[in-house]
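Visitor: quick one, structure for this:
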Amino acid sequence: MKKTILLLLTIITIFSSCEQKKPDPTNTIFFFFPWSTNLTHYFENNIANFEYGITHKDLEKNRVVVFISKTESTAYMYEIKSIKGKIKHDTIAQYDNYEYRYTSTEGFTEILNIAKGATPTPQFSMIIGCHGDAWIPAADMKRSFGGANVESRIDISTLRNALKKSNITAEYILFDDCYMSSIEVAYELRDVCRHLIASPAEIMAAGMPFRHIATDLLNTPNYEAICNDFYNHYANDLSAPYGAIAIINCQELNQLANIVKQINTNHQYDDSKTANLQIYDGYTPNIFYDLGDYIASYCTDANLLQQFNTQMQQCITHKAHTEYIYSYGHGTIKIKKYSGISTSAPSTNSKCASYTETEWYKATH
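Guide: Model prediction:
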């Protein structure tokens, strides 16, 4: 009898050791694809490439949640899971007659809270895919980011406020959108995001090379590798060899603003210099100019300019670009100066009428 009991206890011990509870994930990556009008197919490819780039073991440590608008009025949210060795999409929420609720702080907060889950992970990051126009308000018939129609556009302030209400400070926000590496955008998000991954120029419709950068985005992000893989992908793309990217450390932006305020207090920009600045867009007049080139064009104090350049190295930790970038309205643009981040400060475009209302302008004047 004793031998039988000992045998049973041994068997139970063996089985319990084999069925140890999997560790809880420590990181959430949230893909957010609002209605974009004409990019849905590319978003689906992005997810497929991301899934190709990760392993089943990665999904034990990382929750990957996707919100995607399939039409103007429908969307759904699902979690990418590994079930019995196969990648599955586990639906979390279905949205019908959606009416672009995510364009309001309340609606966006609701989505973020669902994405966080009942037991939020210690780390949370976002990947946003759609059209983008940096800080330009939706009310100006452009958009911070979103679709082609004004109803689908989301202001940067809405994203910031929703993250605050959700008690989220993102490890990174990756903007797979045109023009989002903007000092005005980064400064607006500095308190709700540690790093921005974005381009100061247009991004080709195929977007970020997720098949190559997927593992770089997991757990502790490898920001240098993300930049290198992005560059290598587009530098070797024979059909569209155009791309620019930067990693912005938002925690260093307050000090940069202090230095630029000193520059603006003692120096005045000469509008005649605008024609010679590095541009990133095809708008007429241009909207997005290289921040470093802009500051260097009017700061004649060598000490202050050195402080600015030194601090920029703290803010822009990694950057890369091909020899040329592409703009729909301009064609190819040669990169002669590249700090990795843009500003709209010298623009006279009517879309920039509310520029003095940006947080960056207020902090630097």
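Visitor: I'd assumed residue 292 was in contact with residue 200.
Guide: No. Taking contacts as CB atoms under 8 Å, residue 200 lies outside contact range of residue 292: 10.7 Å. Bear in mind the C-beta positions are built from the backbone N, C-alpha and C, glycine included.
Visitor: those two: which has the busier surroundings?
Guide: Per other CB atoms under 10 Å, whichever of residue 200 and residue 292 has more neighbours is residue 200, with 31 against 21.
Visitor: residue contacts, the more buried one?
Guide: Residues near residue 200 by CB atoms under 8 Å, 6 or more residues apart in numbering: 179, 181, 182, 244, 246, 280, 288, 290, 340, 341, 342.
Visitor: pLDDT weak spots in the stretch 1-150 of the chain?
Guide: 1-21, 140-143 (pLDDT under 70).
Visitor: helices of that one, start to end?
Guide: In the stretch 1-150 of the chain, the helices defined using DSSP state H, counting those that start in this stretch lie at 2-18, 40-53, 58-61, 105-116.
Visitor: show residues contacting the shortest one.
Guide: Pointing back at helix 58-61 there. 22, 23, 25, 26, 27, 80, 81, 82, 215, 218, 219.
Visitor: and it, what's buried?
Guide: Using 16 or more other CB atoms under 10 Å as the test for burial, helix 58-61 gives 58, 59.
Visitor: chain center to the helix or strand containing residue 360, what's the gap?
Guide: Taking DSSP states H and E as the definition, residue 360 sits inside helix 359-364. The chain centre lies 21 Å from the centre of helix 359-364; the measure is CA atoms, centre = their mean, to the nearest Å.
Visitor: export the contacts of helix 58-61 as a markdown table, with columns for distance to residue 130 and neighbour count.
Guide: Output for the contacts of helix 58-61, formatted as a markdown table (distance: CB to CB, whole Å; neighbours: other CB atoms under 10 Å):
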| residue | distance to residue 130 | neighbour count |
| --- | --- | --- |
| 22 | 34 | 8 |
| 23 | 34 | 8 |
| 25 | 26 | 19 |
| 26 | 28 | 14 |
| 27 | 23 | 20 |
| 80 | 20 | 20 |
| 81 | 25 | 14 |
| 82 | 28 | 16 |
| 215 | 24 | 17 |
| 218 | 23 | 20 |
| 219 | 26 | 16 |
